[in-house]
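A.B. asks: got a sequence here, can you build the structure:
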Amino acid sequence: MEKSAGGRSLPKEFSRGVAMALKGVRTWGANPRLMLWGLIPGVITLVIFGAGAVVLISRIVDISGAIAGALVSGDGWWADAVQVVAALAVLGAAAVVGIYTFTAVTLLIGQPFFEKLSREVDRAHGFEGSDPEESVWAGTWRGVGEALRIAALSIPVAIGLFLIGLIPVIGGLTAFCLGAAFGGWFLTLELTAYPLARRGIVPLSQRRAVLKPRRAQAVGFGASVFLLFLIPLGAVFFMPAAVAGATHMVRGATADNSPNSLAPMD
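C.D. replies: Next up is the predicted model:
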């Protein structure tokens, strides 16, 4: 069986990531008042992104019709089938970019809420850590720059998923699975920013280096969050749980929660 860089089997590591996402959801029962505060940024972002989603859905027939018209000529069942496949492909690609950007914007807007939530999860398990030695503005601009870098990567991935989604029969399911995997990786990079920063790991490059040997676990966690976010209003309701779950995952990546033990493994 294929092993991860840490010596564990990839399916087991993936399952550990899923378990961390579910553990984050259970935080709702452990500290509902704190989690409720975490809903506020998601509601604000929902207002911003909701308008874009309504426009896309209202125009999906025209968009998919134009794509179908460019791929096949004439009318009939084949043209209708291509249009349906094109609509699903567009929605799937939009979901990857939309969920990631929703997460990035919500984390940016709700930085004080989510930092407090993540800190409380760590504190409940006896870890305090320390905040990064940078000003609020420096941290904000760094976060914006890193979010844009990941967004730049998510766009070509979304285009690739759109093209895969146009493949008859298997394209839709394949694109969906790949979208959850890639989207999950992007989400994990964002959601682990707070707990890793308290462990002295701040830049995006360092977060990638820490998560790379644990990629299966990171994808398992992120893909679970991605699927939860696809539920109507799920991105709002589960965002605090995703931050809590990411904190649990970072805690679980090391026995003593020290920065050295989180250093990239050879």
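A.B. asks: name the element Ala89 belongs to?
C.D. replies: helix 77-109 (DSSP states H and E).
A.B. asks: quick one: distance of that helix to the chain centre.
C.D. replies: 14 Å (CA atoms, centre = their mean, to the nearest Å).
A.B. asks: after it comes which helix or strand?
C.D. replies: helix 111-124.
A.B. asks: what angle separates that following helix from helix 77-109?
C.D. replies: 80 degrees (axes from the mean of the first three to the mean of the last three CA atoms, to 10 degrees).
A.B. asks: which elements pack onto helix 111-124?
C.D. replies: The contact analysis (3 or more CB pairs under 8 Å, 6 or more residues apart in numbering; DSSP states H and E) places helix 111-124 against helix 32-37, helix 39-71, helix 193-197, helix 239-252. Using the backbone N, CA and C atoms, a C-beta is placed for each residue, glycine as well.
A.B. asks: now do the second one against helix 77-109: the angle between them, please.
C.D. replies: Helix 39-71 runs at 150 degrees relative to helix 77-109, counting by the same axes, to 10 degrees.
A.B. asks: elements contacting helix 39-71?
C.D. replies: helix 77-109, helix 111-124, helix 234-237, helix 239-252.
A.B. asks: one more time with 7 Å, if that's ok
C.D. replies: helix 77-109, helix 234-237 (3 or more CB pairs under 7 Å, 6 or more residues apart in numbering; DSSP states H and E).
A.B. asks: so which of those helices is nearest Leu191?
C.D. replies: helix 77-109 (7.1 Å; CB to CB).
A.B. asks: tell me the mean pLDDT for the closest one?
C.D. replies: Mean pLDDT, helix 77-109: 88.
A.B. asks: for the residue nearest to Met35 when sequence neighbours are not counted, what are its contacts?
C.D. replies: Nearest non-adjacent residue to Met35, counting by CB to CB, 6 or more residues apart in numbering: Pro240, 4.4 Å away. Taking CB atoms under 7 Å, 6 or more residues apart in numbering, we find Pro240 in contact with 35, 38-39, 117.
A.B. asks: distance of Pro240 relative to Gly234?
C.D. replies: 12 Å (CB to CB, to the nearest Å).
A.B. asks: out of the helices and strands packed on helix 111-124, deepest packed?
C.D. replies: Highest mean neighbour count among these (mean count of other CB atoms under 10 Å): helix 239-252, with a mean of 27.
A.B. asks: got the confidence number for the closest residue to Tyr194 other than its chain neighbours?
C.D. replies: Closest residue to Tyr194 apart from its sequence neighbours, by CB to CB, 6+ apart: Ser118 at 4.1 Å. Note for Ser118: predicted pLDDT of 90.
A.B. asks: Ser118 reaches Thr247, doesn't it?
C.D. replies: Yes - between Ser118 and Thr247 there is a contact at 4.6 Å, judged by CB atoms under 7 Å.
A.B. asks: return the backbone torsion pair for Leu228.
C.D. replies: Per-residue torsions, Leu228: phi -60, psi -40 (degrees, to the nearest 10).
A.B. asks: who are the contact partners of the nearest residue to it once chain neighbours are set aside?
C.D. replies: What sits nearest to Leu228 in space, not counting adjacent residues and going by CB to CB, 6+ apart, is Phe238, at 4.5 Å. Counting by CB under 7 Å, 6+ apart, Phe238 makes contact with 25, 225, 228-229.
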